[in-house]
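Student: model this:
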Amino acid sequence: MQKPSPDPTAEEDSHSAVRRIELLSLHLTPLTISPDDYRQIERLECAKAAAAKLNVDTKSLSSYMRGKHREIQDQVMDYFNNRPDLQTPVEILKDDHRELCMRQLTGLVREAGIRPFRYVVEDPAKYFAILEAVGSVDMSLGIKMGVQYSLWGGSVINLGTKKHKVKYFDGIDNLEYPGCFAMTELHHGSNVQGLQTMATFDPITDEFVIDTPNDGAIKWWIGNAAVHGKFATVFAKLMLPTHDKRGVSDMGVHAFIVPIRDMKTHQTLPGIEINDCGHKVGLNGVDNGALRFRSVRIPRDNLLNRFGDVSRDGKYTSGLPSINKRFAATLGELVGGRVGLAYSSGSVLKIAGTIAIRYSLLRQQFGPPKQPEVSILDYQSQQHKLMPMLASTYAFHFATLHLVEKYSEMKKTHDEQLIADVHSLSAGLKAYVTSYTAKSLSICREACGGHGYAAVNRFGSLRNDHDIFQTFEGDNTVLLQQVAGDLLKQYKEKFQGGTLSVTWNYLRESMNSYLSQPNPVTARWESEDHLRDPKFQLDAFRYRTSRLLQSVAVRLRKHSKPLGSFGAWNRCLNHLLTLAESHIESVILAKFIEAVQNCPDASSRAALKLVSDLYALDRIWKDIGTYRNVDYVAPNKAKAIHKLTAYLSFRVRNIAGELVDAFDIPGYVTRAPIAMQSDAYSQYTQHVGFNPL
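Tutor: Numbering: from 1, shown residues only. This next block holds a predicted model:
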């Protein structure tokens, strides 16, 4: 009788089962490594680390980072270090914090002799450097200074004319005229053209009458209003009487100087009601209040009349032909607030990153059996949390520095194209940097475990004080829509033969070449040299932006017929926000690459190149799905990007201490015990009451 032939399927199943059992037994059986094996592994790791570590000249890198305004920043920080009575304690009541904040600002101006207001127009870069230093001392103080000089003072000198500067400049400068910036209303914040407060001209008395027509028009969240302000720049619709049946004509939103308290008694003036907005999530050193006006009369000269004026007989004149153009010009002059927030937000990230990274280098936890514990920054998971964040901090530094330089140039030249560029760039960077910083503050806290939860280690106050950066001076979602709108405008002009402005110039090439079919050869290139080539990185960022721009333009055209322009925009809103973020990332990377190339010191340049590569590849990896979907990156290349990003994080970890040292933030500014470079734990234990052994 013939034997049945063996079943090949059953035989394969048997072998497969054996292999699974073997693999399972390997997982369940502890791996035993001899001490000699451990020492060999250690030697290999140490050799790899030594080969990868760069020598960083921290002083040269710090000098390149901090630039020419280092001296005045040190002057600010040294002043507060020498005045313990003006340092903000960890625990402080709201009312006490407000009074301390006012004393801090007064001391800075009148005792230390630092006059920020003089630089708002003459040297904006120096003003923002002072703002960064002041904010690092106490974020509430930075905001209060910004309200006084950038918002209240800035509105007077930017929206007013010579007569306003002559009358108010010195009082604002020396704090005799503390003031407010009353734009936001209860029902309207981002939509400034929708403000309801009215300023009606009375030709009989030659006055404007300021009125709050309903509760929705109450001015809300007005810094300096609750306690200290004596004046307010009030944004209101300018109403002129007419001789027809309409009775009045709306000339659009204008700014007016309104006294709100008596100069001698500090009592609230007649017709003005001021209430306190109360305790906030953060920034409780700033006295936010709400203002209501009931037939408050001010002289006609109190109209800030740079872009529109009213004569004695009630005639309106302006060099700008429409309400929209006047409104755009007005907001264009107030863009400095966004510039300051983007710049200051990067400074907050530096402080938080310094605390988290120094602690992660200090703290030791676990390790090989019978071996010393290792620094928690040696763990890949901690590197994954903190090293890309450190790279982003450096990237934001150079991008916001570029923004400050463009803003300073704009203030000197008043070039129309530059004004448009700065408006869009400030909107995008403010939105992107503040959102990233807000998320990173929580990551830093978590990276420091339980000690990050102690108030003395600053993460709570940094997170709470910074959180509102995402909202004021323009809600981030609204600002990103402005950027997307500008991109679409440039896209349209490109195809109508128009010229592209400097900010968007890369679109000229991207629309012609980046949108062609990806090269199947370069899509597979995976060498380290190729992936670390700035051209590849920048091309990838710009390719993504160009793809998003083209696709959203098509979608908007598709939806506009059935839904109308507003409905189409709303249908594509998430796509538009992604487009704006992608464009801003392209700008940030371009400025970072430029900063690397311009760095004069070789060791600093090598360190910056490493950090720039990590920033670029980490961002590409985080959006790898976009590149894979259009075959811009093949699977093997995607894997190589992932591996190289992890390796670059390891290499940046090796110089992380030097990189945060280059921020040059003194210990008396970081203030967190866990951020001290030596004796951190002894300072921490003494803070809670232990005597040193």
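Student: Could you tell me the per-residue confidence at Ile323?
Tutor: Per-residue pLDDT puts Ile323 at 89.
Student: Is Tyr64 in contact with Val596, as I believe?
Tutor: No: contact criterion CB atoms under 8 Å: Tyr64 and Val596 do not qualify, at 10.5 Å. For glycine as for every other residue, the C-beta is placed from the backbone atoms N, C-alpha and C.
Student: For stretch 520-538, give me every contacting residue.
Tutor: By CB atoms under 8 Å, 6 or more residues apart in numbering, the residues outside stretch 520-538 that reach it are 586, 589-590, 593, 596, 609, 612-613, 616-617, 620, 631-634, 636-637, 639-641, 644.
Student: Sorry, slip of the keys, the one I care about is stretch 69-78.
Tutor: 63, 66, 108, 112, 114, 125-126, 129-130, 132-134, 136-137, 664, 666, 668-669.
Student: let's go with 10 Å and repeat that
Tutor: 62-63, 66-67, 81, 108, 112-114, 116, 119, 123, 125-137, 664-666, 668-669 (CB atoms under 10 Å, 6 or more residues apart in numbering).
Student: Please check the residues you listed and keep the buried ones.
Tutor: Among the contacts of stretch 69-78, those buried by neighbour count (16 or more other CB atoms under 10 Å) are 62-63, 66, 81, 108, 114, 116, 119, 125-137, 664-665, 669.
Student: Can you show me the strands along the stretch 201-350 of the chain?
Tutor: Secondary structure of the stretch 201-350 of the chain (DSSP state E, counting those that start in this stretch): strands at 207-211, 219-222, 231-241, 248-259, 272-276, 289-293, 296-299, 309-310, 316-317.
Student: residue contacts, the nearest residue to Val147 once chain neighbours are set aside?
Tutor: Once flanking residues are discounted, Val147 sits nearest to Gly223: 4.0 Å by CB to CB, 6 or more residues apart in numbering. Taking CB under 10 Å, 6+ apart, we find Gly223 in contact with 140, 143-144, 146-148, 151-152, 179-182, 229, 277, 283, 286-289, 472.
Student: Give the buried subset of the contacts of stretch 520-538 as a ChimeraX selection command.
Tutor: The buried residues among those can be selected in ChimeraX (16+ other CB under 10 Å) with this line:
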select :586,589,590,593,596,609,612,613,616,617,620,632,633,634,637,640,641,644
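Student: Regarding Asp170, which helix or strand does it belong to?
Tutor: According to DSSP states H and E, Asp170 maps onto helix 162-173.
Student: now that helix: mean pLDDT?
Tutor: Averaged across helix 162-173, pLDDT comes to 97.
Student: Also stretch 360-371?
Tutor: On average, stretch 360-371 scores 87.
Student: Can you give me the buried ones in it?
Tutor: Neighbour-count burial for stretch 360-371, with 16+ other CB under 10 Å as criterion, is recorded at 360-363.
Student: remind me which residues of the stretch 401-550 of the chain are low pLDDT?
Tutor: 494-517 (pLDDT under 70).
Student: quick one: the helices in it?
Tutor: 416-447, 459-467, 476-495, 506-509, 528-531, 534-571 (DSSP state H, counting those that start in this stretch).
Student: Where does the closest residue to Lys126 other than its chain neighbours sit: helix, strand or coil?
Tutor: Closest residue to Lys126 apart from its sequence neighbours, by CB to CB, 6+ apart: Tyr119 at 4.4 Å. What DSSP: H, G, I helix; E, B strand; the rest coil gives for Tyr119 is helix.
Student: Leaving out chain neighbours, which residue sits closest to Pro270?
Tutor: Nearest residue to Pro270, sequence neighbours excluded (CB to CB, 6+ apart): Val296, at 7.8 Å.
Student: list the contacts for that neighbour?
Tutor: 199, 207-212, 234, 256, 258-260, 269-272.
Student: so Glu91 touches Gly460, yeah?
Tutor: No: using CB atoms under 10 Å, Glu91 is not in contact with Gly460, being 11.3 Å away.
Student: More neighbours: these two, which one.
Tutor: When Glu91 and Gly460 are compared for neighbours, Gly460 comes out ahead with 17 against 8, by other CB atoms under 10 Å.
Student: can you pull out the helices in the stretch 551-693 of the chain?
Tutor: 573-598, 602-622, 624-629, 635-654, 656-661, 667-670, 680-687.
Student: Common neighbours of Tyr64 and Val596, please.
Tutor: Common neighbours of Tyr64 and Val596 (CB under 10 Å, 6+ apart) are 604-605, 608.
Student: top of the residues you listed by neighbour count?
Tutor: Busiest of the shared contacts of Tyr64 and Val596 [other CB under 10 Å] is Leu608, holding 27 neighbours.
Student: Excluding covalently adjacent residues, which one is nearest to that one?
Tutor: Val596 (4.6 Å).
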